[in-house]
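**Student:** Can you look at this prediction? I've put the sequence above it.
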Amino acid sequence: MKRKNPKHVHAYETQHGKRVWYYRPPGGKKVRILVGDGVLPWSPSFLAALEAARADGKPAELGAGRTQPGTVNAAIISYYQSSAFKDGLAKSTQSNRRAILDRFREDHGGKRVALMHAAALQNIFNAKAPAAQRNWKKALRGWLDHCLSLGMIRTDPLRDVKLTKMKTVGHHPWEARECEQFEKRHTVGTRARLAYELLLQAGQSRCDVVRMGRQHIRGKEMSMRRQKTDVPFYVEVTPRLMAAIEAMPSSNHLTFLTTEQGKPFSAAGFGNWFRDRCREAELPERCTSHGLRKAAATYLAEEGATDHQLMAWFGWTSVSQAQVYTKAANRKRMARAAAKLISGTGIGSPSDPVSQDAMQDIDIARGGK
């Protein structure tokens, strides 16, 4: 005789033929029971996951309560409860990394964390695309640092894992002709042009651009903290940016940019809206809001900005992020210098480096290199 499922437990078949389990008490919300493929009801691992799903209506923490100490499950649950995870990561980052770690423990939750080794992780990474490998490494990095700090593991198994080289350079930095095309279609006085100038002149991510308002401007400087990392950044309000701001009708909104309904944009909503404005300008799909941030960093680096100047402007915490742009700019300058040597004209320096006190527009369309 077939045994019934535990009380208030239901199973469903996905379109891919995978069985998923949920716990839903009367009047309560449905909570996913995180178990691996083939795990049967009433088994110890299933009951451990069910116990977590019952706890306070919170999302199922696989193995919470009955998880064996020293397992991957226990180590990940401990990490979720740590200050490094709860206080040290932005909510969006927590969500992204939790999704990866939950998938990892679905397959390996019952294994001993102390026995984890580089070869096993390398096999997991080899089955993933290069971009996914990097996301997994970021997620596992924080968790393994937590394990190392508590003595759950003695050596870092992620240290010797090799990632597949990326064939892409990421988001496309806008070119001069693309900037000109957008500016021709969206003139000063439109929301699209204001969004464009905020992205290019301030050079920040869309999640920060949608929060910008007059309250962040003091004199000729705009200062905020990045939503993702809480790192402060300081940018000059260039004449072009101020002209785009002043050209808009006055309002009582706390943000420069609002939807048609007069509400602040979400980061994702703004990205979709700006994508439509790029299509109106008949720009290729490679032109994105983040591409303007990269264009701004490229321009400032080529104008002579140092690593630490770029870090202060863009709110980066690692000098390696700035060196991506300064190294590329230095290669261009050295190539130009070599050309001048060949022609016998000598080597010059940037005519108007950004490190000088004079404030400059980021004008890729008419002054960028």
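**Tutor:** Received the coordinates, thanks. Numbers count the residues shown, from 1 in each chain.

**Student:** need the contact list for V188.
**Tutor:** Shown in contact with V188 (Cβ atoms under 8 Å, 6 or more residues apart in numbering): A243, A244, A247. Using the backbone N, CA and C atoms, a C-beta is placed for each residue, glycine as well.

**Student:** ranges for the helices of the stretch 151-300 of the chain?
**Tutor:** 176-185, 191-197, 206-209, 239-246, 267-280, 289-302 (DSSP state H, counting those that start in this stretch).

**Student:** out of those helices, which comes closest to R134?
**Tutor:** helix 289-302 (16.2 Å; Cβ to Cβ).

**Student:** Test my guess that T326 contacts G304.
**Tutor:** No. Contact criterion Cβ atoms under 8 Å: T326 and G304 do not qualify, at 9.4 Å.

**Student:** Need the nearest residue in space to M212, chain neighbours excluded.
**Tutor:** Leaving aside its sequence neighbours, M212 sits nearest to F256 (Cβ to Cβ, 6 or more residues apart in numbering; 5.5 Å).

**Student:** Quick one: closest of the helices of the stretch 151-300 of the chain to G142.
**Tutor:** Nearest to G142, of all the helices of the stretch 151-300 of the chain, is helix 206-209, at 20.3 Å by Cβ to Cβ.

**Student:** tell me the mean pLDDT for the closest one?
**Tutor:** Average pLDDT, helix 206-209: 92.

**Student:** Touching it from outside, list them.
**Tutor:** Contacts for helix 206-209 (Cβ under 8 Å, 6+ apart): 92, 195, 198-199, 202, 224, 226-228, 257, 267, 270-271, 274, 289-290, 315.

**Student:** I'd say L121 and K137 touch.
**Tutor:** No. In this structure, L121 is not within contact of K137 by Cβ under 8 Å, at 9.2 Å.

**Student:** Identify the contacts common to these two.
**Tutor:** L158, V161.

**Student:** Of these two, which one has the most company?
**Tutor:** L121 (21 against 16; other Cβ atoms under 10 Å).

**Student:** and the longest helix for this protein?
**Tutor:** When the chain is scanned for its longest helix (criterion: DSSP state H), the result is helix 319-343.

**Student:** Pull out the buried residues from that one.
**Tutor:** A322, V324, Y325, T326, A329, R333 (16 or more other Cβ atoms under 10 Å).

**Student:** for those residues, which one is nearest R112?
**Tutor:** Using Cβ to Cβ, the buried residues of helix 319-343 come closest to R112 at V324, 39.1 Å.

**Student:** What pLDDT does the model give that closest one?
**Tutor:** Model confidence at V324 (pLDDT) stands at 86.

**Student:** does L198 really touch T255, like I thought?
**Tutor:** No. Contact between L198 and T255 fails when scored by Cβ under 8 Å: they sit 10.3 Å apart.

**Student:** So these two - more neighbours on which side?
**Tutor:** Shown here are L198 and T255; by other Cβ under 10 Å, L198 has more neighbours (24 against 17).

**Student:** if you skip the residues just before and after it, what's nearest to that one?
**Tutor:** Per Cβ to Cβ, 6+ apart, closest to L198 is V209, 4.9 Å.

**Student:** Output the helices of the stretch 151-300 of the chain as a markdown table; include the columns distance to I77 and mean neighbour count.
**Tutor:** A markdown table is the format used below for these (distance: least, Cβ to Cβ, whole Å; neighbours: other Cβ atoms under 10 Å):
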| stretch | distance to I77 | mean neighbour count |
| --- | --- | --- |
| helix 176-185 | 48 | 17 |
| helix 191-197 | 42 | 22 |
| helix 206-209 | 29 | 23 |
| helix 239-246 | 47 | 16 |
| helix 267-280 | 29 | 16 |
| helix 289-302 | 34 | 23 |
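
**Student:** tell me the contacts of E13?
**Tutor:** With Cβ under 8 Å, 6+ apart, E13 has these contacts: R19.

**Student:** That one and N5, how far apart?
**Tutor:** Going from E13 to N5 by Cβ to Cβ, to the nearest Å gives 14 Å.
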